[in-house]
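In: test case, fold it:
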Amino acid sequence: MIEEEKTINRGENTNFPSENLFPKENLFVEEFLNYLNIERGLSLNTRKSYRSDLGRFVGYLRKIGKAGLERVRRDEIIDYLMEEKKRGLSPRSLSRHLVSIRMFFRFLTAEGYLRQDVTEVIESPRLWKVLPEVLSDSEVVRLLEQPDPATPLGRRDKAILELFYASGLRVSELVKLKVDDLNLSAGFIRCWGKGSRERIVPLGSKARQAISEYLDRDRADFVKKVDPEILFLSVRGRALSRQWLWKLIKKYIARAGIQKSVGPHTLRHSFATHLLGRGADLRVVQELLGHANIVTTQIYTHVDGDRLKQVHRRFHPRG
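Out: Numbering: from 1, shown residues only. Take a look at the predicted model:
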């Protein structure tokens, strides 16, 4: 069957990119492409995409020394996708790569070339798209050290950044915080999330100290008649906008010399990732973040893959 379909492919001017595949795997790919052409009727451009995706995947297997598709494990496919993610592939492209690999393995299993389809239990990379870069512990420390503690604006900004990282609030939640939402003596704040859902979030000692200093020394000078109940105010006494807050974060990120691509919720993502990395329960993190669905919170379990592997090797009897 393989030789017959190779002849068909040579007669069809596909102009597929030439990939350096293993000889046997190359024959499997050619047979799969003919299956897509003859039995599935997929277009030439679609088959070119499959050919390119599978060429990169088999090239990765050769790079890691994997001898044959029958020896490929689920973890190696995930590692390949994560490497492509680091290379800059978008979630949509990663999902397409996984679809290509899944269809290929499903085909090989159905044809009897593989005994088991290891791709069945791999979840879609679409779950990875929400999470941008996460700051390391040392990067967070550098960021929090940037505001000038000798000035009122510096003390205000220090309180903002400390609260961001201590609470995992959304930008929209932080700018709406009121003084009455604070309970510093008990170490909690009250915020209103999506769908007007109320939640109580604990504060760490560093955030409490920074907020207390801002309240005691500086906030009264910012208060005007406009938004007197809002916690964090501009020099004109107005509530801060989300856009302004995002610019503030970018300014201090640059000042800290952090090269990562960050977004408005970088500290929120870092908050969740660092909690899970130190063993926090996923349900607790879900509650702290205000996620209605735990599936959203599970995104953060993909970030610290190295730590998960270390835990598995340390505690599993056959790790």
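In: just checking, residue 83 touches residue 61?
Out: No - using C-beta atoms under 8 Å, residue 83 makes no contact with residue 61, being 11.8 Å away. Quick note: C-beta positions are derived from backbone N, CA and C, even for glycine.
In: neighbour count: the two, which is higher?
Out: Per other C-beta atoms under 10 Å, whichever of residue 83 and residue 61 has more neighbours is residue 61, with 20 against 14.
In: quick one: buried residues of stretch 94-110?
Out: For stretch 94-110, a neighbour-count test (16 or more other C-beta atoms under 10 Å) marks 94-98, 100-105, 107-109 as buried.
In: so is residue 226 in a helix, a strand, or just coil?
Out: Using DSSP: H, G, I helix; E, B strand; the rest coil, the structure places residue 226 in coil.
In: which residues does it contact?
Out: 236, 237, 238, 239 (C-beta atoms under 8 Å, 6 or more residues apart in numbering).
In: quick one on the thing from earlier: which of the buried residues of stretch 94-110 sits closest to residue 195?
Out: Using C-beta to C-beta, residue 95 is the member of the buried residues of stretch 94-110 that lies nearest residue 195, at 28.3 Å.
In: mind checking how far residue 270 is from residue 167?
Out: Residue 270 sits 12 Å away from residue 167, going by C-beta to C-beta, to the nearest Å.
In: so for stretch 176-183, mean pLDDT?
Out: Confidence over stretch 176-183 (mean pLDDT, whole number) is 95.
In: identify the residues contacting it?
Out: Outside stretch 176-183, the residues that touch it by C-beta under 8 Å, 6+ apart are 169, 189-192, 211, 215, 219, 229-232, 239.
In: dump it to CSV, restricted to CA.
Out: Coordinates of the C-alpha atoms in stretch 176-183 are reproduced here as CSV (Å, rounded to 0.1, in the frame of the first residue of the first chain):
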residue,chain,number,x,y,z
LYS,A,176,-12.5,49.9,42.1
LEU,A,177,-11.3,49.1,45.6
LYS,A,178,-12.6,51.4,48.3
VAL,A,179,-11.1,52.2,51.6
ASP,A,180,-14.1,50.5,53.3
ASP,A,181,-13.1,47.3,51.5
LEU,A,182,-10.0,47.0,53.6
ASN,A,183,-9.7,45.2,56.9
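In: mind checking how far that stretch is from the chain centre?
Out: The chain centre lies 30 Å from the centre of stretch 176-183; the measure is C-alpha atoms, centre = their mean, to the nearest Å.
In: dump the contacts of stretch 176-183 to a markdown table, plus secondary structure, neighbour count and distance to residue 68.
Out: Converted to a markdown table, those look like this (DSSP: H, G, I helix; E, B strand; the rest coil; neighbours: other C-beta atoms under 10 Å; distance: C-beta to C-beta, whole Å):
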| residue | secondary structure | neighbour count | distance to residue 68 |
| --- | --- | --- | --- |
| 169 | coil | 26 | 50 |
| 189 | strand | 26 | 56 |
| 190 | strand | 14 | 58 |
| 191 | strand | 20 | 54 |
| 192 | strand | 16 | 56 |
| 211 | helix | 26 | 59 |
| 215 | helix | 17 | 65 |
| 219 | helix | 20 | 66 |
| 229 | coil | 12 | 67 |
| 230 | strand | 21 | 63 |
| 231 | coil | 25 | 61 |
| 232 | coil | 22 | 59 |
| 239 | strand | 17 | 62 |
